[in-house]
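A.B. asks: only geometry, no sequence info:
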């Protein structure tokens with residue numbers, strides 16, 4: 001287990017993730033022998049970070065990298081295989097329903113698909129009243145309706161009286177996602193986990209939803225974990241990036257610095273794949289090639305999990321998992337190219353950005369924070 005970064009943050013951490021690991025057991029039946037074979041999916045391996053009030057951190061990576069699993073474990077929809085998730089320094093007793101319910105009232109999840117996250121046979125009022133009733137936030141019908149109208153106005157669904165009794169199919173995609181956000185903040189949580197909250201929406205409304213989330217973070221001093229595959233929106237929206245690949249965090253740092261001076265080859269690949277009209281117009285766009293596909297998480301590669309696709313891979317990359325190397329006080333990466341004596345092939349790291357400060361090796365693997 002590794003210690004997270006400790007840059008100056010706004011007060012104590014609301015959420016602290018320590019060495020979080022989540023493995024799933026899958027069973028496959030051999031039709032000839034009828035024997036059942038068990039395999040382990042290494043969805044998340046030894047990651048750590050912290051979430052602070054009034055801040056947003058983005059967890060970025062390709063599909064299948066384990067991002068959504070992190071969100072499910074943070075909200076205790078799934079239980080961790082090992083490691084811990086602490087809310088204000090304390091983990092809930094999973095054997096006590098009252099503690100789990102209280103934890104979930106403080107850590108709320110916004111799902112990706114607003115078309116699937118709302119029950120089509122119930123009205124907006126029902127969706128917003130239910131969490132208020134479950135967590136004893138209101139005592140009467142009139143109080144519940146007044147609270148629902150306030151929530152709808154808070155997410156800019158106005159006039160609220162025209163929305164409150166509608167069914168989900170009568171709303172647009174953006175309006176449905178605003179209802180889902182209102183449902184998440186109805187119980188006055190401290191932490192929001194937004195899992196790809198705009199990927200199912202029209203491009204024209206994505207920015208307004210991100211601006212709404214940013215407004216809630218600032219106004220209510222929420223801590224937000226923004227899970228996305230889009231590093232461009234993450235740069236716009238989050239103060240800090242965690243770059244995840246095959247269940248591990250490979251790089252972390254301030255959003256602007258990571259996107260302008262990416263250290264890990266995988267981060268460079270993500271940025272190369274992101275649209276950049278300005279660079280295309282100037283003719284300076286260079287696409288990075290990473291042959292192959294994401295590795296199987298049932299049998300992940302040894303050493304650095306990105307090495308089978310990395311254009312800068314060295315012998316040590318396949319043999320040993322890289323530790324964390326500090327680029328500067330707030331930016332680190334897990335890549336052997338930044339070791340003291342990198343065993344590179346001639347010219348292998350020539351295109352990597354030079355560290356702004358002396359790179360130092362730190363203990364541990366993937367802990368971070370804001």
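C.D. replies: Structure received. This structure is a prediction, so every number in the text was calculated from the model and none was measured.

A.B. asks: Residue 147 is in contact with residue 186, isn't it?
C.D. replies: Yes. Using Cβ atoms under 8 Å, residue 147 makes contact with residue 186 at a distance of 7.5 Å. For the C-beta atoms, the positions are set from N, CA and C on the backbone; glycine is no exception.

A.B. asks: Those two: which has the busier surroundings?
C.D. replies: Using other Cβ atoms under 10 Å, the more surrounded residue of residue 147 and residue 186 is residue 186, with 25 against 16.

A.B. asks: Not counting sequence-adjacent ones, nearest residue to the more buried one?
C.D. replies: residue 131 (4.9 Å; Cβ to Cβ, 6 or more residues apart in numbering).

A.B. asks: what packs against the helix or strand hosting the one you found?
C.D. replies: Residue 131 belongs to helix 124-134 when assigned by DSSP states H and E. Judged by 3 or more Cβ pairs under 8 Å, 6 or more residues apart in numbering; DSSP states H and E, the packing partners of helix 124-134 are helix 141-154, helix 173-185.

A.B. asks: for those helices, which one ends up most surrounded?
C.D. replies: Among the helices and strands packed on helix 124-134, ranked by average contacts under mean count of other Cβ atoms under 10 Å, first place goes to helix 173-185 (a mean of 23).

A.B. asks: Read off the pLDDT value for the residue nearest to residue 186.
C.D. replies: Per-residue pLDDT puts residue 131 at 94.

A.B. asks: Surely it touches residue 185?
C.D. replies: No. Counting by Cβ under 8 Å, residue 131 stays clear of residue 185, with 9.7 Å between them.

A.B. asks: returning to what we had before: quick one: which of the helices and strands packed on helix 124-134 is nearest residue 48?
C.D. replies: helix 173-185 (24.7 Å; Cβ to Cβ).

A.B. asks: Domain ranges for this structure, per the record?
C.D. replies: 15-112+196-362, 120-186 (automatic domain parsing).

A.B. asks: Could you tell me the least trusted of those domains?
C.D. replies: The stretch with the lowest mean pLDDT among the domains of the chain is domain 15-112+196-362, at a mean of 84.

A.B. asks: centre of the chain versus it, how much separation?
C.D. replies: 7 Å (Cα atoms, centre = their mean, to the nearest Å).

A.B. asks: would you list every one of the strands in the stretch 51-200 of the chain?
C.D. replies: Using DSSP state E, counting those that start in this stretch, the strands of the stretch 51-200 of the chain run over 55-60, 82-87, 107-110, 191-195.

A.B. asks: could you give the angle of the second one to strand 191-195?
C.D. replies: Using axes from the mean of the first three to the mean of the last three Cα atoms, to 10 degrees, the interaxial angle of strand 82-87 with respect to strand 191-195 works out to 120 degrees.

A.B. asks: Mind giving me the packing neighbours of strand 82-87?
C.D. replies: Applying 3+ Cβ pairs under 8 Å, 6+ apart, one finds that strand 82-87 contacts strand 15-29.

A.B. asks: Flag every buried residue along the strand it packs on.
C.D. replies: Going by neighbour count (16 or more other Cβ atoms under 10 Å), the buried part of strand 15-29 is 15, 16, 17, 18, 19, 20, 21, 22, 23.

A.B. asks: coming back round to it: give me the contact list for the helix holding residue 131.
C.D. replies: 101, 118-119, 137-138, 144-145, 147-148, 151-152, 163-168, 171, 179, 182-183, 186-187 (Cβ atoms under 8 Å, 6 or more residues apart in numbering).

A.B. asks: Show me where the protein has its helices.
C.D. replies: Along the chain, counting by DSSP state H, helices occupy 67-74, 97-106, 124-134, 141-154, 173-185, 203-220, 231-237, 255-260, 265-273, 277-282, 315-319.

A.B. asks: Same list (those helices) but as TSV, adding distance to residue 247.
C.D. replies: Formatted as TSV, the helices of the chain follow (distance: least, Cβ to Cβ, whole Å):
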stretch	distance to residue 247
helix 67-74	8
helix 97-106	24
helix 124-134	31
helix 141-154	36
helix 173-185	26
helix 203-220	26
helix 231-237	18
helix 255-260	20
helix 265-273	13
helix 277-282	31
helix 315-319	17
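
A.B. asks: So for residue 297, which of those helices sits nearest?
C.D. replies: Ranking these by proximity to residue 297 (Cβ to Cβ) places helix 67-74 first, at 9.9 Å.

A.B. asks: Quick check: which helices or strands does that closest one pack against?
C.D. replies: The helices and strands touching helix 67-74, judged by 3+ Cβ pairs under 8 Å, 6+ apart, are strand 15-29, strand 36-51, strand 55-60, strand 107-110, strand 191-195, strand 223-228.

A.B. asks: Out of these, which is closest to residue 249?
C.D. replies: strand 36-51 (5.0 Å).

A.B. asks: by how many degrees do that closest one and strand 82-87 diverge?
C.D. replies: 40 degrees.

A.B. asks: quick one: buried residues of strand 36-51?
C.D. replies: For strand 36-51, burial by neighbour count (16+ other Cβ under 10 Å) applies to 41, 42, 43, 44, 45, 46, 47, 48, 49, 50, 51.

A.B. asks: Hmm, residue 251 and residue 240 touching each other?
C.D. replies: No. Checked against Cβ under 8 Å, the pair residue 240 and residue 251 is beyond contact range at 11.0 Å.

A.B. asks: between the two, which one's more packed in?
C.D. replies: A count of neighbours by other Cβ under 10 Å puts residue 251 above the other of residue 240 and residue 251, at 29 against 25.

A.B. asks: what's near enough to touch that one?
C.D. replies: For residue 251, the contacting residues are 241-243, 258, 262-264, 266-267, 331-335, by Cβ under 8 Å, 6+ apart.

A.B. asks: Just grab the bridge partners of it for me.
C.D. replies: Under DSSP bridges, the beta-bridge partners of residue 251 are residue 243, residue 333.
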